[in-house]
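K.L.:
3D, please:
(2 chains, ligands or ions: 2)
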Amino acid sequence: MKPFDYLRASAPDDATRADATIIAGGTNLLDLMKLQVMSPDRLVDITRLDLDHIEDHEGGLRIGALVTNSDLAADDRIRRDYPVLSRALLAGASGQLRNKATTGGNLLQRTRCPYFTDTAQPCNKREPGSGCAAIGGQTRLHAILGASEHCIATHPSDMAVAMQALGAEIEIQETTGATRRVSIREFYRLPGDTPHIETVLAPGELITAVILPAPPKGRQVYRKVRDRASYAFALVSVAAIVDVQDGRIAAATLAFGGLAHKPWHDPAVDRALEGAEPTPELFDAAADVLLADAVGQGSNDFKIVLARRTMKAVLAEATGLKEAA
Amino acid sequence: MPDTLDTHVRFGSNSGQPITRRDGRAKVTGGATFAADNSPDSVLHAVYVPATIARGRVTALDTAAAEAHPGVTHVVTPQNRPPLQGDPSDKPTMFSFRFEALQDDTVRYAGQPIALILGETLEAATEGARLLNPRYEIATPRTGLDEAAHYTFDPDAFGKPADTVHGDPEAGHAAAAHSVDVTYETAPQYHNAMETHAVVASWDGDRLSLDMPSQALSMTCAGIAYYFGIPAENVTLRSPYLGGGFGSKAIPTGPYVLAVLAARMTGRPVKMMLTRQQMFGPVGHRGQTRQRLRLGTDAEGRLTVLDHAGLSATSTFDDFIEPAANASQGLYAAGALRSTHSAVRLDVGTPGPMRAPGEASGSAALECAMDEMAETLGMDPLEFRLRNYAETEPGTGKPFSSKALRECYAQGAERFGWADRPLQPGQMRDADGLRVGWGMGTAFFPCPMFMAEANATLRADGTAMVETSAADMGQGAWTALAQIAADSLGLPLDQVEFRAGHSGLPDAGVAGGSGHTATAGSALHAAGGDVIRQLGEIAAADPDSPLHGAGNAGFTARDGRLYVAGDDSRSDAFADILARAGGAEVSGAGSASRAPEAAEAHAMNAHGAVFAEVKVDPDLCQMRVTRLVGAFAAGRIINPRLAESQLYGGMIWGLSFALHEEARHDPARGHIVNADLAGYHVPVNADVHGLDVISVHEDDPYVNALGVKGVGEIGITGTVGAIGNAIWHATGKRVRRFPIRIDDLLGD
Ligand SMILES: Cc1cc2nc3c(=O)[nH]c(=O)nc-3n(C[C@H](O)[C@H](O)[C@H](O)COP(=O)(O)OP(=O)(O)OC[C@H]3O[C@@H](n4cnc5c(N)ncnc54)[C@H](O)[C@@H]3O)c2cc1C
Ligand code: SF4
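P.N.:
Ligands and ions are numbered 1, 2, ... in the order given. The predicted model follows:
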């Protein structure tokens, strides 16, 4: 592999000013370096930074960027107040990986498109302008929503789907040393004609924390459908937070994994549910909203059906319709 | 029972014991040395460059860029590759296939080696390989079964299965009152042993030393020696441990030859270890199949015909035709039997034997077709199989050497609770509303023996050393074979030093075909017997021995003592006999192969019955195999713990075949898209729920003196069909392609 320099940050500024690629748990970056998909000249290791705390914050929680996926999933406050997040985390990867994987790294993990990870194939995300080998190829893991003719990849994270439903905010340290907060709803980008630009993070910027708002009312459900029972990326996943009051859905937030270039959230789906009585017909109508513009790529056409079914099953569970049945 | 059994076989305290693996501690503590753990001084690292297209020609390589990279010492391409003495297309041993070792610039499959980089470090060689940046002239690849012409072939060599017809199939079809005509497909699968292929090669003059995993040490030495023009005895091969083989480590392939060539070219030891991605190409796989099964029965459900036609994919440059249709020979008592094979040449590496070659794919289709036939008849699938139970070998009428399949059905069905199964599909739900289905399949596997030799030496102190070049792929040869050897000498296991895994030892043959314990074990058994015979002669002739003059009565050996047969009051310790004889050692030799008369007179197979419960989410169609019960009759079980592990492993493999394993080719480019273990799924622990193995007692006086059949592969057979049938039973939907996936059940 290509030789590279390795630096260790002892303060956040070291990371943002290093002109280097950040490495946290390394579970994604090192794999991509071995495959020569990413070949940075310099790495800056941030794991010694003091960013591994979960603190009470503005009625919610502030999760340091270096909190591991294992620690986050096991945290009592997360399990009690944000079970959708805990379940999403535990649905991802394996125990060993979760012990290493960090909150910041998880948000920024790259797509699992097998053409992206194969340097012999054209890929606009890896090599802008080279084309997209996935279109017309094996697309089981690819998008049905929000894709472009330049890229049909999906974002693989489970954690980010739950955070999308929770409306988390991402705290970023800029290269100037200033800090800004961006809602996760604005953090990720659709591929458009620049699939290599995946988030609003500028080069050198460091994620320092994820901020969860106060615990939402209602039931939280995370459901992941995949090709084996564990250790596989989602074909479709759904995170749902649904509050039913007096037989009507008072509030609903749904987010979806495996369907798009980003953890998908469509406010129109939430609105289609809110105020109505939970019924299978209502769920279908909301799924119609979600999937109105869905496009299959051939081998992933089934995901349009699967997304509807998964969404309905999750809603049945979250609204109590399932127990009633 | 023939009288030979009692006089030739001693069963001491070792066989039959569930002894833990003798190499287990070494493996879990890192003490076991696998091939790539060897790093001789001045070793060079070899990395080959795999073709990234599936068909065409290499037109340019940036050799200068690769050579200029610090640490890269050599760049080998078809232009400068030193000659081999044997042509890679020749077949020096029984299991030989043409391999790619930089003969020319043609690309025949994705993953084919197209250049070799040597470097002082693995990292340097890897970067050199990247810098080579191949350019190609691309031709349209063919990777689907209908993308090239189908052909038939003469069954003149290994890998070209014969067609077999017994009775009159057309008459059988004509006479059928009920029939099914169904076509099943199975996906390409890649062995993917935990230990990828690896070799450390070094030359000393015209002598070659190899550390590499091998399932067939002497055949590998003979093969490699041929390509380098040296006598086989000049090759020393050490293969003490294999991290799995599954058939792919029985045959030396192109990457091995390239590493050996590089060592000769440079005069330095060379190490090569394949990456996981490189396991999908030049080192064999299970070819995809399409199998048409036409079954007919009379009004009572007796098979009038079992007609199985298999189409198997092979490469464009050699034939390994998955003998899938042969799975229908030998199992059910059909009035007429026909198994035929055809093939199609695709732009893939040559397939090869992969755990239960032929039987795994063939059984998958056969057992589902049997289920479909039972459905058509409105008959319970187990009852249907019993109705067609073969009392003698179908077609030939030969008696079976032993066949406890009826007991397998009965015990498996009892443990599973099969009697409560509703006939119709879609009848059962669990408390969570999941659909539940029950299916079954018959397990069947031949029990071949190969040829093996062994030596045994009883030392002056009464301990022994036994040796044979056996291969432990993880199945437990270090343990089970030592148990047999210890029994043959009448010694406790810990007093026997067992040497294996080295080509300098007597030839143990092939660890394959589920025949290694039977074959190498029989040779060890004979070698020990030879020692005991000689020891008895010494004792009988020794006036000071309590055994003096008892030679005619015969002796038995037990716990380090020789006893007069049938008279426990007269015995003598091994060490005492040898001490009085002047402290000499006694050495014996043994060999083994199947007795031709026994093979002529009997059909020999292992059998079993597998029952599966599958739960299917009614909306999302996720499938979970919640219970698998397998009852197997496979002759004498030397070590129940190890045998059970093999059967568990086989059944999990069956689950993998049914629901997970599949190499997916890019339709346009032809390469395998999921060439790593994140994309190429095998089951994880969470996919495997209840696993239950029943070992059904079976005495077999004919297979060999030990009565051992084999358990390495049979667990896959039966299981795939049982799971497919259970999915139908849960959902009412027949999916006729493996692996079965969510989208096959989803509908719209
Ligand atoms: C076999 C396997 C299976 C997996 N299965 C799943 C799964 O089912 N579901 C799932 O969600 N995930 C899965 N994962 C992915 C896993 O969750 C990610 O690899 C992990 O979360 C990445 O975290 P990390 O700390 O190791 O990131 P790293 O590899 O260290 O970094 C990832 C990226 O983030 C950047 N980065 C890291 N931290 C920061 C920061 N603080 N600020 C700015 N940039 C940063 C790095 O520069 C890099 O580009 C799997 C991974 C593997 C290897
Ligand atoms: S889908 Fe996106 S990531 Fe995959 S090959 Fe196309 S451009 Fe690259």
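K.L.:
now B:K615: phi and psi?
P.N.:
Backbone dihedrals for B:K615, given as degrees, to the nearest 10, come out at phi -110, psi 140.
K.L.:
show me what it bridges to in the sheet.
P.N.:
Bridge pairing for B:K615 (DSSP bridges) gives the partners B:V436, B:R624.
K.L.:
surely it meets B:A431?
P.N.:
No: counting by C-beta atoms under 8 Å, B:K615 stays clear of B:A431, with 10.9 Å between them. C-beta: built from backbone N, CA, C; applies to glycine.
K.L.:
those two - which one has more neighbours?
P.N.:
Neighbours were counted for B:K615 and for B:A431 using other C-beta atoms under 10 Å in any protein chain shown; B:K615 has more, 22 against 5.
K.L.:
show me what contacts that one?
P.N.:
By C-beta atoms under 8 Å, 6 or more residues apart in numbering or on different chains, the residues touching B:K615 are B:430, B:434-437, B:623-624, B:626, B:730.
K.L.:
quick one: which of the residues you listed is most hemmed in?
P.N.:
Going by other C-beta under 10 Å, B:M623 tops these with 29 neighbours.
K.L.:
correct me if wrong: that one contacts B:I740.
P.N.:
Yes: using C-beta under 8 Å, B:M623 is in contact with B:I740, at 7.0 Å.
K.L.:
find residues that contact each of these two.
P.N.:
Common neighbours of B:M623 and B:I740 are listed as B:659, B:727 (criterion: C-beta under 8 Å, 6+ apart).
K.L.:
the contacts of B:K615 into a markdown table, with extra columns for pLDDT and distance to A:Q96?
P.N.:
Below are the contacts of B:K615 laid out as a markdown table (pLDDT from 0 to 100; distance: C-beta to C-beta, whole Å):
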| residue | pLDDT | distance to A:Q96 |
| --- | --- | --- |
| B:D430 | 98 | 32 |
| B:L434 | 98 | 30 |
| B:R435 | 98 | 34 |
| B:V436 | 98 | 33 |
| B:G437 | 98 | 34 |
| B:M623 | 98 | 26 |
| B:R624 | 97 | 24 |
| B:T626 | 98 | 26 |
| B:A730 | 98 | 34 |
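K.L.:
which residue packs closest to B:G501, ignoring adjacent ones?
P.N.:
In this structure, B:G501 finds its nearest non-sequential neighbour in B:P240, 3.9 Å apart by C-beta to C-beta, 6 or more residues apart in numbering or on different chains.
K.L.:
please give the element, helix or strand, for the one you found.
P.N.:
Element membership of B:P240 [criterion: DSSP states H and E] is none; it lies in no helix or strand.
K.L.:
how about the one 5 residues further on?
P.N.:
Per DSSP H and E, B:G245 falls between elements, in no helix or strand.
K.L.:
my read: it touches B:A471, true?
P.N.:
Yes: using C-beta under 8 Å, B:G245 is in contact with B:A471, at 7.3 Å.
K.L.:
residue ranges with poor pLDDT in the stretch 201-325 of chain A?
P.N.:
Applying pLDDT under 70 to the stretch 201-325 of chain A picks out residues A:325.
K.L.:
next one: phi and psi at the closest residue to ligand 2 within it?
P.N.:
At 8.2 Å from ligand 2, A:H261 is the closest residue in the stretch 201-325 of chain A, using C-beta to the nearest ligand atom. Per-residue torsions, A:H261: phi -70, psi -10 (degrees, to the nearest 10).
K.L.:
how about the residues of chain A near ligand 1?
P.N.:
Neighbours of ligand 1 within chain A, by C-beta under 6 Å from any ligand atom: A:21-29, A:31, A:46, A:65, A:69, A:92-93, A:97, A:100-102, A:104-106, A:108-109, A:156-159, A:206-207, A:233.
K.L.:
please state the offset of whichever strand or helix holds B:S339 from the chain centre?
P.N.:
According to DSSP H and E, B:S339 maps onto strand B:337-345. Offset of strand B:337-345 from its chain centre (C-alpha atoms, centre = their mean, to the nearest Å): 22 Å.
K.L.:
try stretch B:227-246
P.N.:
18 Å.
K.L.:
list the buried residues in it.
P.N.:
By 16 or more other C-beta atoms under 10 Å in any protein chain shown, the buried positions in stretch B:227-246 come out as B:227-228, B:230, B:232, B:234-246.
K.L.:
what's the span of it, first residue to last?
P.N.:
Start and end residues of stretch B:227-246 are separated by 24 Å (C-alpha to C-alpha, to the nearest Å).
K.L.:
now stretch B:418-427: average pLDDT?
P.N.:
Averaged over stretch B:418-427, pLDDT sits at 98.
K.L.:
ok, residues contacting it?
P.N.:
Everything outside stretch B:418-427 that qualifies as a contact, by C-beta under 8 Å, 6+ apart, is B:378, B:380, B:382, B:412-413, B:428, B:435, B:437-438, B:440, B:611, B:728-732.
K.L.:
then stretch A:92-109?
P.N.:
Here stretch A:92-109 has contacts from A:22, A:24-29, A:47, A:51, A:63-70, A:72-73, A:89-90, A:156-160, A:163, A:170, A:187, A:198-199, A:201, A:206-210, A:230-231, using C-beta under 8 Å, 6+ apart.
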